[in-house]
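S.K.: Got a sequence here, can you build the structure:
(one chain, ligands or ions: 1)
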Amino acid sequence: MDYFSISKLHVALGGCSILKGIDFEVKKGELVSLLGPSGCGKSTLLKTTAGLIAPEQGEIHINAIRVNNVPPEKRGAVIVFQDLRLFPHLNVAENIEFGLKMKGIQKEERCATVTRMLDKVGLSGYEKRKIHELSGGQQQRVALARALAGKPELLLLDEPFSSLDNHLRQKMRELVLALHRELNLTTVLVTHDQEEALMLSDRVAVMLNGQIVQFDTPKNIYEFPSSPEVADYFGDMNYIEGTVKNGCFTGPAPLLPERLEVPLEDGDYLLMIKPHLIRLRKEPGPWNVTSVGYLGGRSQLRVSCDRTALRFVSNGDIGITAGDAVAIDIDYRKGIFYKK
Ligand SMILES: Nc1ncnc2c1ncn2[C@@H]1O[C@H](COP(=O)(O)OP(=O)(O)OP(=O)(O)O)[C@@H](O)[C@H]1O
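M.R.: Numbering: from 1, shown residues only. I've put the predicted structure just below:
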């Protein structure tokens, strides 16, 4: 059952249309990532959900209640921002209990919650520390503890790990995933890190220019991107332009096998070939190697032939340098066609 849903959401900021008709639904207990380039409207979507921005149009439901007119603190949702927004003049315990104090919860219960939350985020004993006496990773944990202290059911995370180094980032991802499961949260994570979205999420919503352009499982998003724009968001893909006529795709020779039969209607298409579908054959061929980049045990190759350029990675010591003429194999059967 959907725990959180948005329909036909339009948001304008400073006279510009930012969210352009978003439909989005998240099931109870799901962790969904909102993935998209800078400026596409991810934070705006979270802030609108949390009640910090009022939409022009559209409906927002949380736990079967229409919350358009419900104030932020009563929506059962909490948002953790990239800059954390901890209170610098309060210590760790005071930060965590702040929201509870506002709600009039008694001291004893507040202390018990602080102890429990610090234990959950691995910071037991840090109650009296000042915020500036904490590392970046510890501050993230405090922000998470503060967000979860009020027992929200919908956790909205706005790129909370982006300032951390790789190691800490990984640790925070694991912590969020563990808390998400243990506390039976419904979580929406904003990120522009493809790997993070694919690793952590039950489903990924790809946002481009104020719209959700694909919403599916990580595997489906990666394997079957709905458009070249979505595909490109997961790395540089290769494209071969061509035409389908009578069930046969033809394009630039010597790129394609003689007959590439496809169950598609006639028209112009782009055939997308992911880099891993291309293999180097160690023999002379029609492809000119334009660059070789060493990646440590692997090399990234760029090759071109006529007006087509391809990029792929080859394992091991390939013994090839720019300027060589090589042959390649392409697994066309796994390519994806997009109508132009
Ligand atoms: N208060 C505002 N007034 C006018 N425009 C705004 C305001 N806040 C955000 N915007 C614009 O709305 C667009 C979407 O911003 P938003 O922060 O939602 O993007 P985002 O996808 O979260 O980006 P990022 O990944 O960089 O955080 C941007 O073009 C931004 O400049």
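S.K.: domains of this protein?
M.R.: 2-233, 238-339 (automatic domain parsing).
S.K.: For E94, give me its contacts.
M.R.: For E94, the contacting residues are F87, by Cβ atoms under 8 Å, 6 or more residues apart in numbering. Heads up, the C-betas are built off the backbone N, CA and C, glycines and all.
S.K.: Tell me which helix or strand comes right after the helix or strand where it lies.
M.R.: Assessed by DSSP states H and E, E94 sits inside helix 92-102. Counting by DSSP H and E, the next helix or strand C-terminal to helix 92-102 is helix 107-120.
S.K.: Check the average confidence over that following helix, would you?
M.R.: Averaging pLDDT along helix 107-120 gives 92.
S.K.: Does anything pack onto it? Which helices or strands?
M.R.: Counting contacts by 3 or more Cβ pairs under 8 Å, 6 or more residues apart in numbering; DSSP states H and E, helix 107-120 packs against helix 92-102, helix 136-149.
S.K.: can you list the residues that contact the longest one?
M.R.: Right, helix 136-149. 78-80, 84-86, 92, 95-100, 113-114, 117-118, 120-123, 126, 131, 134, 155, 160-161, 163-164, 168, 171-172, 175-176, 179, 183, 185.
S.K.: Please pick the buried ones from these.
M.R.: Buried members of these, counted by 16 or more other Cβ atoms under 10 Å: 78-80, 84, 86, 92, 95-100, 113-114, 117-118, 120-121, 123, 126, 131, 134, 155, 160-161, 164, 168, 171-172, 175-176, 179, 185.
S.K.: residues in this structure within reach of the ligand, list them.
M.R.: 13-14, 16, 18, 36, 38-44, 192 (Cβ under 6 Å from any ligand atom).
S.K.: Tell me where the model's unsure across the stretch 151-300 of the chain.
M.R.: For the stretch 151-300 of the chain, residues meeting the criterion pLDDT under 70 lie at 253-258.
S.K.: what about K130, distance to F98?
M.R.: 15 Å (Cβ to Cβ, to the nearest Å).
S.K.: From the residues of the chain next to the ligand, which land in helices?
M.R.: 42-44 (DSSP state H).
S.K.: before we move on, back to that, widest-spaced pair of the residues of the chain next to the ligand?
M.R.: G14 and H192 (21.9 Å; Cβ to Cβ).
S.K.: Comparing those two, which residue is more hemmed in?
M.R.: Set G14 next to H192 and count neighbours by other Cβ atoms under 10 Å: H192 wins out with 17 against 5.
S.K.: hey, where'd the helices end up in the protein?
M.R.: Under DSSP H, the chain gives helices at 42-50, 92-102, 107-120, 136-149, 166-182, 194-200, 218-223, 228-233.
S.K.: can you give me the angle the third one makes with helix 92-102?
M.R.: Counting by axes from the mean of the first three to the mean of the last three Cα atoms, to 10 degrees, helix 107-120 lies at 130 degrees to helix 92-102.
S.K.: Give me the distance between the closest residue to Y332 other than its chain neighbours and the ligand.
M.R.: In space, and not counting its chain neighbours, Y332 is closest to L260: 5.7 Å by Cβ to Cβ, 6 or more residues apart in numbering. Separation of L260 from the ligand (Cβ to the nearest ligand atom, to the nearest Å): 38 Å.
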